[in-house]
Every structure is written in structure tokens, then in C-alpha cells.
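A.B. asks: just need the structure, nothing else, for what follows:
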Amino acid sequence: MDTNDDEPFVSVDINAPASRVWEILADVPRWKDVISGIDDITFEDAEDTTLRPGLAWDETRVMFGRSETQRMEIAEVDAASFYVRSKNESCGASTEFVHRVVPSAGGEEDASTLELYFASTPLTWLAWSLQWMAALTRGMMRKVILQDLMDIKSEAEKPQA
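C.D. replies: The predicted structure follows:
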């Protein structure tokens, strides 16, 4: 997924440095305490939850009125660029999520933008034939993901102790 050419699926401006936003994004075990939509996270390897390629977990959240658990896995991390790509496969589709934290273009050290890019590719004939349904739920997905980003924004903007 090329984040240089694509528009983000959702983005939010944050009154906090990119390094602070990245700190929250990189702390996956803490997501269930920060992101209101996540009910539980269970790691494949509870001994090492460091943000790295191969980090895998089951994430449980309520989606469309039902509790759903999906296996997530980190595919790529570039901490210097505040970039992380995760992926999952479910319901016959492969889905990628890219989170990117962009420091303020104006050089403001205490401002950044959190962007999320989203792409789903059908892997089965059934998933391909049901793409029209995915188009219908895109707006609801946007609201769910935007709430996740707003929760991260709220945490990042809290005064530091």
C-alpha cells in the first residue's frame, strides 16, 4: 500500500508531538485501555509484545452489534518514519491497515496528524462477489476507525506527568 499516492481513509490532527502519538501507537498492549472500541487483546507471544514485524494478537471488539475477534499481525514497522503496517485475513479477504504519524508541516513541535490507510482484497470467489456489501459498510467502518483515532488523540493530548 503506497501511502504517498493514496489519500488516507481517515486522519485526525493532534495537538501533540509525533513522538508522543507514536509512543501510544507502538504500545499495542495498552490499546485496550486507550481505544474504546477494543474489548480485549490476547497476544500469541505474551512474553514479547514489542512492536515488530511478526507481532500477532487476537483483537476483540464490537462491530455492527456483534462481538468479533480478529487475528492481527504487524507486517512492517519504520519507527523513524512513525509508520506501521498491520494485516489480517478473515471472511475470505486480506486487509491491510497502515498507521502513519505525520509531524506538523509548519514545523510546530507540538502538533501532528495521525493517518490511517485501509485496503481490503478479496481472496475467495464469495468474498469477491460480496464486495458490494463492503461498499455499503464503508461509512460505518470509517466511523469506527475515526473513533479509534479520536481515542488516541485524546490520550496523546493529555498533560504529561
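
A.B. asks: quick check: which ranges of the chain have low pLDDT?
C.D. replies: Residues of the chain meeting the criterion pLDDT under 70: 1-5, 88-94, 106-108, 120-138.

A.B. asks: quick one: the helices in it?
C.D. replies: Assigned by DSSP state H, the helices in the chain fall at 18-26, 31-34, 125-129, 131-156.

A.B. asks: what residues are up against Glu157?
C.D. replies: Ile14, Asn15, Ala16 (Cβ atoms under 8 Å, 6 or more residues apart in numbering). Heads up, the C-betas are built off the backbone N, CA and C, glycines and all.

A.B. asks: and the second one, how many neighbours?
C.D. replies: Residues within reach of Asn15, counting by other Cβ atoms under 10 Å, total 13.

A.B. asks: and the last one, by the same measure?
C.D. replies: Residues near Ala16, counting by other Cβ under 10 Å, number 22.

A.B. asks: hmm, back to that, which of the contacts of Glu157 fall in strands?
C.D. replies: Judged by DSSP state E, those include Ile14 as members of strands.

A.B. asks: okay if I get the contacts of Glu157 as a markdown table plus distance to Ala111?
C.D. replies: Listed next are the contacts of Glu157 as a markdown table, based on distance: Cβ to Cβ, whole Å:
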| residue | distance to Ala111 |
| --- | --- |
| Ile14 | 7 |
| Asn15 | 6 |
| Ala16 | 7 |
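
A.B. asks: let me know the closest of the contacts of Glu157 to Phe64.
C.D. replies: The closest of the contacts of Glu157 to Phe64 turns out to be Ile14 (Cβ to Cβ; 27.6 Å).

A.B. asks: for Leu114, see how far away the closest one is.
C.D. replies: For Ile14, the distance to Leu114 (Cβ to Cβ, to the nearest Å) stands at 6 Å.

A.B. asks: then Ala79?
C.D. replies: 15 Å.

A.B. asks: go on, Thr60?
C.D. replies: 23 Å.

A.B. asks: more neighbours, these two?
C.D. replies: Set Thr60 next to Leu114 and count neighbours by other Cβ under 10 Å: Leu114 wins out with 27 against 16.
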